[in-house]
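Asker: generate coordinates for the sequence data below:
(one chain, ligands or ions: 1)
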Amino acid sequence: MQLVNKARKDFPILKMEIYGKPLVYLDNGATTQKPQCVIDRVCNYYKSENSNIHRGEYYLCEIAGMAYEAAREKIKNYINAKNAYEVIFTSGTTASINLLAHSLGKSIRENDEIIISHMEHHSNIIPWQVLCREKNATLKILEIQEDEEATLEALNELISLRTRLISITCVSNALGTVLPFKKIIDVAHKNNIPVILDAAQAIQHMPMDVQDLDCDFMVFSGHKMYAGTGIGVLYGKAQHLEDLPPYQTGGGMIEQVSFSETKYAKLPYKFEAGTQNIAAAISLGEAVDYLTDIGLENIHEYEKELIQYASEQLNTISGMEQYSENTERAGAISFNIKDIHAYDIAMILDKLGIALRVGTHCAEPLMHHLGIKGTIRASFGLYNTKEDIDHLIKGLKKAISMLQ
Ligand SMILES: Cc1ncc(COP(=O)(O)O)c(C=O)c1O
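Answerer: As a prediction, this is how the structure comes out:
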């Protein structure tokens, strides 16, 4: 509770009123709000450091470049990477996965196989779908079951001698389901298959130690972990990144260029072509400091309590159907109310100052699998409270009484 009381003061937007009602922000899965320290860091960068990094010999360049590299070092520590050069800045999770689909994709051959799960965000489906079409390769879908062992058995059955890659989310953005990603990595590695973790919905909710997990790659977005938009990370084991061809080419990613040949820069710059989102990268470093100060274990424990409370309270509503109720959930709860359209509920909740998401959550195949058009999703951040959940429940009851 101490954690949240302090945290709420750090986020200026939480003081806002919407239609005369206090804002109850429950759309953290889409993007989190930003603490004052992150906002200040971006402002200060533009006020007193702005310059293009790694390109000049003057003072501003020097300090901006140092701040950018310091942010990389902070992220390295946050995910416990072995080396800072294994942390590549991208514009977000989508960009990181597209980079991998392009660069890893060069080695994919006809009849090769790539495995993803049925709970993926479109960002971790379409790049692989496109690649498989181009290469005449096969995209195989792992069905995540309530029983972990059953999931792993299904994975063992899917894996063949042609499986080249597994790309899997850690937490379903649509349902909050925590996948057994560590065990999936263990199975994959027993079969010499590299694994990409989509940590977009995990990195802000639980400690993610890449050395302990032994993942080959991990991707995530800054804006979902209290930093600005337009920045994200691709982590890769050094050897993998060394072996991969670059994605985009141009300024900043070269060591030497002539009209006949180019020698690429060493890591991480080989993958950072063109002018980067310097302010956002530095703000991500600030957000990482903020999260580290609070402690990911503390955040994880606190948010687990919130989910448990929300789940119990939602079940007091008649006609409630929660998804993934029997599995571990992180960050989000998804549900429907019998015979009421989710959009109608969201419209009424909005008027009560409650911001949450309805629809397919960029996970249409998952919705097809569940045989539903979409869900109502309440997703939590470290500043949400049980009072926020009480507001939600009260709002839902009001909406139901108006719509029934
Ligand atoms: C699991 C997951 N993967 C990928 C993405 C895409 O992230 P971005 O839009 O920041 O690139 C999201 C965004 O919601 C997500 O939840």
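Asker: near the ligand, which residues of the stretch 101-250 of the chain show up?
Answerer: 121, 123-124, 169, 173, 198, 200-201, 221 (C-beta under 6 Å from any ligand atom). Every C-beta, even on glycine, is put in place using the N, C-alpha and C of the backbone.
Asker: swap in 5 Å and give it another go.
Answerer: Contacts of the stretch 101-250 of the chain with the ligand, taken as C-beta under 5 Å from any ligand atom, map to 121, 123, 169, 173, 198, 200-201, 221.
Asker: output the residues you listed as CSV; include the columns secondary structure, neighbour count and pLDDT.
Answerer: Converted to CSV, those look like this (DSSP: H, G, I helix; E, B strand; the rest coil; neighbours: other C-beta atoms under 10 Å; pLDDT from 0 to 100):
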residue, secondary structure, neighbour count, pLDDT
His121, coil, 21, 98
Ser123, helix, 22, 98
Thr169, strand, 29, 98
Asn173, coil, 30, 98
Asp198, strand, 30, 98
Ala200, coil, 27, 98
Gln201, coil, 28, 98
Ser221, strand, 29, 98
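Asker: farthest-apart pair in those, please.
Answerer: The span of these, defined through C-beta to C-beta, is set by Thr169 and Ser221 at 12.6 Å.
Asker: shared neighbours of these two, which are they?
Answerer: By C-beta atoms under 8 Å, 6 or more residues apart in numbering, Thr169 and Ser221 have these common neighbours: Ala200.
Asker: before we move on, the earlier item: need the residues of the stretch 101-250 of the chain next to the ligand in a markdown table with distance to Gly228, can you?
Answerer: A markdown table is the format used below for these (distance: C-beta to C-beta, whole Å):
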| residue | distance to Gly228 |
| --- | --- |
| His121 | 20 |
| Ser123 | 19 |
| Thr169 | 23 |
| Asn173 | 20 |
| Asp198 | 20 |
| Ala200 | 15 |
| Gln201 | 18 |
| Ser221 | 10 |
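Asker: and of these, the nearest to Gly285?
Answerer: Ser221 (14.8 Å).
Asker: any idea whether Ile333 is helix, strand or coil?
Answerer: Classification of Ile333 using DSSP: H, G, I helix; E, B strand; the rest coil returns strand.
Asker: in the stretch 301-404 of the chain, what residue comes closest to the ligand?
Answerer: Nearest to the ligand in the stretch 301-404 of the chain, going by C-beta to the nearest ligand atom, is Cys362, at a distance of 6.0 Å.
Asker: residues contacting that residue?
Answerer: So Cys362 contacts 121-123, 173-174 (C-beta under 8 Å, 6+ apart).
Asker: please apply the same query to Ile116.
Answerer: 124-125, 128, 139-142, 166-168.
Asker: and the residue nearest to Gly236 when sequence neighbours are not counted, how many neighbours does it have?
Answerer: The shortest distance from Gly236 to any non-neighbouring residue, by C-beta to C-beta, 6 or more residues apart in numbering, is to Phe217 (4.7 Å). Phe217: 26 surrounding residues under other C-beta atoms under 10 Å.
Asker: pretty sure Phe217 contacts Val233?
Answerer: No: in this structure, Phe217 is not within contact of Val233 by C-beta atoms under 8 Å, at 10.3 Å.
Asker: from the contacts of Ile116, pick the one nearest the ligand.
Answerer: When the contacts of Ile116 are ranked by distance to the ligand (C-beta to the nearest ligand atom), Asn124 comes first, at 5.7 Å.
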